[in-house]
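A.B. asks: A predicted structure for the sequence below; I have some questions about it.
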Amino acid sequence: MKTMNPTNFSCKALLAGVSLFSGVSASAAPLEETRPNIILIMTDQQTAGALSCMGNPNVKTPAMDALAADGVMLTRGYCSFPVSNPSRASLMTGFMAYETGVRDNGDTMKPEYEQQSLGLVMKEAGYECLYAGKWHIPDVEVPDRFGFTNITGMDDRILVDKCKPYLQKKYDKPVFFVASFLNPHEICEYARNESLLYGQLAPFDLEKTPNLPANFMPPTYEPEALKLEKQWAPMFHDTYTYTQDDWRRYLYAYYRLVERVDLEVGRLVAELKANGLYDNSVIIFTSDHGEGVAAHQWNQKWALYEEVVNVPLFIKAPKSKGKKGVRNDKALSNIGLDLFPTVCDYAGVKLNDSYTGMSLRPIAEGSADTLHEHVFIETYMSSARVRGFSIIEGRYKYVLYLYYQNREQLFDLENDPGEMLNLAVDSRHAEKLQQMREKLWPWAQRLKDPRMMKGVRPLALPADKGFYQD
């Protein structure tokens, strides 16, 4: 697995071989014959299951459902890191959080990665780059140095209206447009009994709230790291005194916040259609990370449970070039790594071999139904001061936290989608456990993280097999 040498890497090196229009504007030919507009729509803290098109009876998301129906919905899309700033840094660079230097919400991206970020690459490739809403890398609003024109800051209530003049304008080049909404992130304020940024929810009775999920209880041999994180970070996990009724109210509030942002997504899509920016555009919909939604009595992010790392992921290719109404339950995607090559693929930008992500274009256009053999996810829980990693391959998921008791988890997601039975402690699954451990080692080598290498190596290359030699 090759690594990037930041000292001799630049946008121009990245763009070697890009096919641009020499003296020809994007409007000189029909859009289908040139390069398409590319539109990225993001929510914040939305778990993949928080969609009515996923069969969730507790939420109604007609706008998101319609987007999914117009393209391909990948049900196995994952974030690279279940925290906003690290995840967004990956989305905008195509590299993992440890590589970019962004491991928590206050971290700043390493300059060499900032200089090759997606807005700058697309601008150099000849795209008009527009950004509306939450940026959070780590600034709340996108700074000018990232190549985007900042339409408006973080406020879901005004985002679409602020975008209208920019979407109505006729450009002489293709457009790369990002609309980044905050919700359902307001669930964080709700859990802390704070006022919601965009208005309080209407009063509701307990009888109207969802029942608790089937995986509400912690799994067998739950990692001690998760317990300590909740204990040492009560500001973020202030659900430690919750009753079961409180958790039901929490779920009800969360789904109303998903519906709150779905309304804005619907308004945005209507505006895209009104201005001829829908049918012939590539449209990608996702979220920066998921939400605990009471599974294993977890709220917010950080943990590596499915509810936290599995995110919505739809891609709609330009009209007549893509599949429509397809649900793909097979293709594994780490969207933090795959967004960058997907956008570059449609823009005609050729990437060097420093990138491990893959374009979703073959999935969207029906020439492939699988992507990666496995996906890798990392996390860092700052209160417990512990890093965690996950490998997902086929039906199996492996999790390793570097410190404390019960560090390893192995789940059979086909037979145990709720992740209730930890197979890592069962000798009947020792062979599969070792196979999954060994898949972490190439990632440890790529990231060159000494702590990760120290924690993974004796597991992946055990001395009793003759692999681990000092």
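C.D. replies: Cool, got the structure.
A.B. asks: low-confidence bits of this protein, can you list those?
C.D. replies: 1-33, 464-470 (pLDDT under 70).
A.B. asks: switch the cut-off to 50
C.D. replies: 1-9, 13, 16-33 (pLDDT under 50).
A.B. asks: center of it - which residue?
C.D. replies: Taking CA atoms, centre = their mean as the criterion, residue 79 is the residue nearest the geometric centre of the chain, at 3.2 Å.
A.B. asks: quick one: the closest residue to that residue other than its chain neighbours and residue 84, what's the gap?
C.D. replies: By the measure of CB to CB, 6 or more residues apart in numbering, the closest residue to residue 79 outside its immediate chain neighbours is residue 289, 4.4 Å from it. In this view, the C-beta of every residue, glycine as well, is placed from N, C-alpha and C. Distance of residue 289 to residue 84, given as CB to CB, to the nearest Å: 7 Å.
A.B. asks: hey, what's in contact with both of the two?
C.D. replies: 44-45, 301 (CB atoms under 8 Å, 6 or more residues apart in numbering).
A.B. asks: give me every residue that touches residue 253.
C.D. replies: With contact taken as CB under 8 Å, 6+ apart, residue 253 is in contact with 187, 190, 201.
A.B. asks: and the closest residue to residue 281 other than its chain neighbours, how close does it get to residue 345?
C.D. replies: Once flanking residues are discounted, residue 281 sits nearest to residue 37: 4.1 Å by CB to CB, 6+ apart. Separation of residue 37 from residue 345 (CB to CB): 14 Å.
A.B. asks: touching, residue 451 and residue 385? I think so.
C.D. replies: No - checked against CB atoms under 8 Å, the pair residue 451 and residue 385 is beyond contact range at 10.7 Å.
A.B. asks: if we can go back for a sec, check the burial of the residue nearest to residue 79 by counting its neighbours.
C.D. replies: Neighbourhood size, residue 289 [other CB atoms under 10 Å]: 30.
A.B. asks: that one contacts residue 305, doesn't it?
C.D. replies: No - using CB under 8 Å as the test, residue 289 is too far from residue 305 to be in contact (11.5 Å).
A.B. asks: and the residue nearest to residue 281, its phi and psi?
C.D. replies: phi -70, psi 150 (degrees, to the nearest 10).
A.B. asks: list the residues that contact it.
C.D. replies: So residue 37 contacts 31, 174-177, 277, 280-282 (CB under 8 Å, 6+ apart).
A.B. asks: from start to finish, how long is stretch 326-344 in a straight line?
C.D. replies: Start and end residues of stretch 326-344 are separated by 23 Å (CA to CA, to the nearest Å).
A.B. asks: before we move on, what about stretch 289-306?
C.D. replies: Using CA to CA, one end of stretch 289-306 lies 10 Å from the other.
A.B. asks: start the count at 6 instead of 1 going forward.
C.D. replies: Right, with 6 as the first residue, what we last looked at is stretch 294-311.
A.B. asks: in it, what counts as buried?
C.D. replies: Neighbour-count burial for stretch 294-311 flags 294-311 (criterion: 16 or more other CB atoms under 10 Å).
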